[in-house]
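1. Here is a sequence together with a model predicted from it:
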Amino acid sequence: MAVYEATASAPVNIACIKYWGKRDTKLILPTNSSLSVTLDQDHLRSTTTSRADPSFTEDRLWLNGKEEEIKEGGRTATCIAEMKRLRKQEVEDKQPNEPKVKNHPHHAPQILRSDHLGLQLSTHHVHIASFNNFPTAAGLASSASGFAALVSSLAQLYKLPVSPSTLSLIARQGSGSACRSLFGGFVAWEQGTLPDGSDSLAVEVAPQSHWPDMHALICVVSDDKKGTSSTSGMQRTVETSPLLQHRIKHVVPQRMADISAAIRARDFDKFAEITMRDSNQFHAVALDTEPPIFYMNDVSRAIIALIVEYNRVSVEKGLGRKAAYTYDAGPNAVIYTLKENVKEIVELILKYFPQREGAFKDVFGLLGGVDVAKVEG
Ligand code: DP6
């Protein structure tokens, strides 16, 4: 008997222009566009296998070997339902060819059989198993890579000839930032204007090969679970922060244009300036929320001071900025830099934040890769 099974993987992405705020919480439509860098496929990624079988009595999901409930009407259920709908549509769209095929009786039974099976496939229940190749304890968000891998594996299972942008429309409904993990390299999530969300999707700004020297250094400051989740934190910001309104109207549109231009021109100094300013403003709107949200801690702020000083010296020498920090909804730093500076920055961080022997792991250090350092305050 045929086994219908497919596996796909997707990497983590880290935003330079932050997504923070929804205009539609069900469809996950953002209040502003955002832009990220997708990390190396080899390192931080989720790998997901989906299987469809007539004997399955319900859709089921396992995360890192542990079964998770698929809540009715929840994000996972929505993504699965949307993928099944695409599959059904794809099979139906092929129907007009049928009369032509029927003129060739020799081929007809085969086509009918595959169409018949195809339709069934979208009505079968699915079992989905997803694994992260990084410890959840690393304090890194896995929902972006997780939903991108889930949607990709179902697309493969259903043999859908759709673009990554089309899949991003569905991954977005799992977790907003997941839509950007459908592409490698430099990716924009265009907020869109349509109420049904059909133009709120990810597009490639440049592939990783455009700027292969770009590196990300991840400093794990704390692996505690964050206090306020992105989902609830950003909703509170939308409801209470006047600064967010200024940000979405008057700041982000220009930054999206400027950082895209900086990426195309491989202008690291400009890329770094915008990335750091946007991280700062994101944490400012978190502070402007009622009650306020603090994601960074003293170690996070000390790393900022270190990078600011490092860049000051570099700018003074006429070399421009050489590093860019950015922080998501937690205290861990991601530092973007070019390959030639990785060693120097790692040494600098180790000097100011001494590690236990061997705690620092340069495990991911190749082109476009990530380096992970555990930093103790
Ligand atoms: C600070 O994508 O996790 O990392 O759409 O509610 O699932 P939901 O939120 P999520 O938010 C990510 C917020 C961020 C910034 C970013 O990745 O752009």
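-> Looks like it arrived, so ask away. Residues are numbered from 1 along each chain as shown.

2. Next, give phi and psi for residue 167.
-> Main-chain dihedrals, residue 167, degrees, to the nearest 10: phi -60, psi -30.

3. Per-residue pLDDT of it, please?
-> As predicted, residue 167 sits at a pLDDT of 97.

4. ditto for residue 98
-> pLDDT, residue 98: 46.

5. now residue 49: how far from the ligand?
-> Applying CB to the nearest ligand atom, to the nearest Å, the value for residue 49 to the ligand is 23 Å. For every residue, glycine as well, the C-beta is placed using N, CA and C.

6. Poorly predicted segments of the stretch 1-150 of the chain, please.
-> Applying pLDDT under 70 to the stretch 1-150 of the chain flags the ranges 1, 95-120, 135-141.

7. can we see that at 80?
-> Counting by pLDDT under 80, the stretch 1-150 of the chain shows low-confidence ranges at 1-3, 40-43, 94-121, 134-142.

8. Tell me the residues of it that contact the ligand?
-> Proximity of the stretch 1-150 of the chain to the ligand, by CB under 6 Å from any ligand atom, involves residues 15, 18-20, 28, 34, 141, 143.

9. By neighbour count, which of these wins?
-> Highest neighbour count within these: residue 20, with 30 neighbours (other CB atoms under 10 Å).

10. Tell me which residues touch that one, please.
-> 31-32, 230, 234, 237, 244, 282, 285-286 (CB atoms under 8 Å, 6 or more residues apart in numbering).

11. ok, those residues vs residue 188, which is closest?
-> The shortest approach to residue 188 among the contacts of residue 20 belongs to residue 32, at 11.3 Å (CB to CB).

12. Would you confirm that that closest one belongs to a helix?
-> No: under the criterion used here (DSSP: H, G, I helix; E, B strand; the rest coil), residue 32 is coil, not part of a helix.

13. from now on call the first residue 18
-> In the new numbering, first residue 18, that becomes residue 49.

14. show me the contacts for it.
-> Residue 49 makes contact with 34, 36-38, 208, 264-265, 269-270 under the criterion CB under 8 Å, 6+ apart.

15. can you check residue 64 too?
-> Per CB under 8 Å, 6+ apart, neighbours of residue 64: 24-26, 147-148, 150, 166.

16. Any regions of the stretch 268-394 of the chain where pLDDT drops low?
-> 370-394.

17. for the stretch 118-267 of the chain, what spans make up the strands?
-> 142-149, 203-207, 218-223, 231-237 (DSSP state E, counting those that start in this stretch).

18. okay if I get those strands as TSV plus mean neighbour count?
-> Below are those laid out as TSV (neighbours: other CB atoms under 10 Å):
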stretch	mean neighbour count
strand 142-149	20
strand 203-207	23
strand 218-223	21
strand 231-237	23
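
19. got a markdown table for those strands, with distance to residue 73 too?
-> Below are the strands of the stretch 118-267 of the chain laid out as a markdown table (distance: least, CB to CB, whole Å):
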| stretch | distance to residue 73 |
| --- | --- |
| strand 142-149 | 4 |
| strand 203-207 | 33 |
| strand 218-223 | 31 |
| strand 231-237 | 38 |
